[in-house]
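Participant: Predicted model and sequence below, questions to follow.
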Amino acid sequence: MLSIKAHGYLRNSSSDTMAINTHLVLTTLLALISCATGKVVQYVLLSVLVSYSAFLLARPFLPSARMTELEELIAETTDLLQQANEERVLPNRAFNLAMQLRLSRVNRDKSGLRSKILGFRLGYPMQEYLHMAGVLSREIQRCRREAKEIQVAILVCASANVIRRRVEILSRPKRRTKGNWFMTMKSMIRWPSFRTSM
């Protein structure tokens, strides 16, 4: 059965450890601010706290985080296309080839973007923060939009084809026998489900 997974942020043990460490650092900085006697020291510690919080809040918008989401989306789209081909719910070969071509173009663009992101690791550590709202992030968003459009096209075309098949089956005039009725009901039960899960 066709199904598509909706994006959700999955937490693993490393993100739990990071959350605990972040909480410890923030509470320590807040304790230092309250214990500091001079106004200048308090302002310095407060500015460190604010900048650290800003860096933490900006992490999901970094190109590397967006690239991870893009790779997951492309993997889901590839699985969806393969599943639709296995169940033979796509209408024709031309549509299937067009979707495969679009998906391969998105994969090609993804590979180029991944190589640019890997180049950040060779430079200074804060270089990726500078590209958070730049051309690289816009290109990742464009690839993400294209992958979503491919998913929607596959789902719409597959569901229209399934509905068309059901209408054809139900509109055929047949002499009702116990076997024909059973086969018609059996084919109606095998309806592909387009479930979304979080």
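Facilitator: Arrived safely. Numbering: from 1, shown residues only.

Participant: Would you map out the domains in this structure?
Facilitator: Following automatic domain parsing, the chain resolves into domains at 11-58, 62-197.

Participant: Tell me which stretches of the protein form strands.
Facilitator: Secondary structure of the chain (DSSP state E): strands at 3-5, 195-197.

Participant: What average pLDDT does the first one get?
Facilitator: When pLDDT is averaged over strand 3-5, the result is 43.

Participant: Ok, the last one next?
Facilitator: When the per-residue pLDDT values of strand 195-197 are averaged, the result is 52.

Participant: which one's the longest helix in the chain?
Facilitator: As assigned by DSSP state H, the longest helix anywhere in the chain is helix 135-171.

Participant: Show me what that one is packed up against.
Facilitator: Applying 3 or more CB pairs under 8 Å, 6 or more residues apart in numbering; DSSP states H and E, one finds that helix 135-171 contacts helix 63-87, helix 93-120, helix 178-189. Every residue, glycine included, has its C-beta placed from N, CA and C.

Participant: and the angle for that helix with helix 93-120?
Facilitator: Here helix 135-171 runs at 160 degrees with respect to helix 93-120, directions being taken by axes from the mean of the first three to the mean of the last three CA atoms, to 10 degrees.

Participant: May I see the buried residues of helix 135-171?
Facilitator: Within helix 135-171, the residues that qualify as buried are 136-137, 139-140, 143-144, 146-147, 150-151, 154-155, 157-158, 161-162, counting by 16 or more other CB atoms under 10 Å.

Participant: Compute the inter-axis angle for that helix and helix 63-87.
Facilitator: Using the same axes, to 10 degrees, helix 135-171 lies at 20 degrees relative to helix 63-87.

Participant: Make 10 the starting number, not 1.
Facilitator: I'll keep to 10 as the first residue from here, and by that count the last item is helix 144-180.

Participant: Helix 144-180 - what's its average pLDDT?
Facilitator: Mean pLDDT, helix 144-180: 89.

Participant: same check, this time on stretch 73-84
Facilitator: When pLDDT is averaged along stretch 73-84, the result is 92.

Participant: Just the buried positions in it, please.
Facilitator: Buried-residue list, stretch 73-84, by 16+ other CB under 10 Å: 75, 76, 79, 82, 83.

Participant: Go ahead and name everything in contact with it.
Facilitator: Identification of contacts with stretch 73-84 by CB atoms under 8 Å, 6 or more residues apart in numbering yields 16, 68, 112, 115-116, 119, 122-123, 126, 129, 137, 146, 149-150, 152-153, 156-157, 160.

Participant: Tell me the one of the buried residues of helix 144-180 nearest residue 91?
Facilitator: Nearest to residue 91 among those: residue 163, at 10.4 Å, using CB to CB.

Participant: Contacts only, for that closest one.
Facilitator: Applying CB under 8 Å, 6+ apart, we find residue 163 in contact with 86, 89, 90, 93, 99, 108.

Participant: Just the buried residues from the residues you listed, in PyMOL please.
Facilitator: Here is the PyMOL command that picks out the buried ones among the contacts of residue 163, judged by 16+ other CB under 10 Å:
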select buried, resi 86+89+90+93+99+108
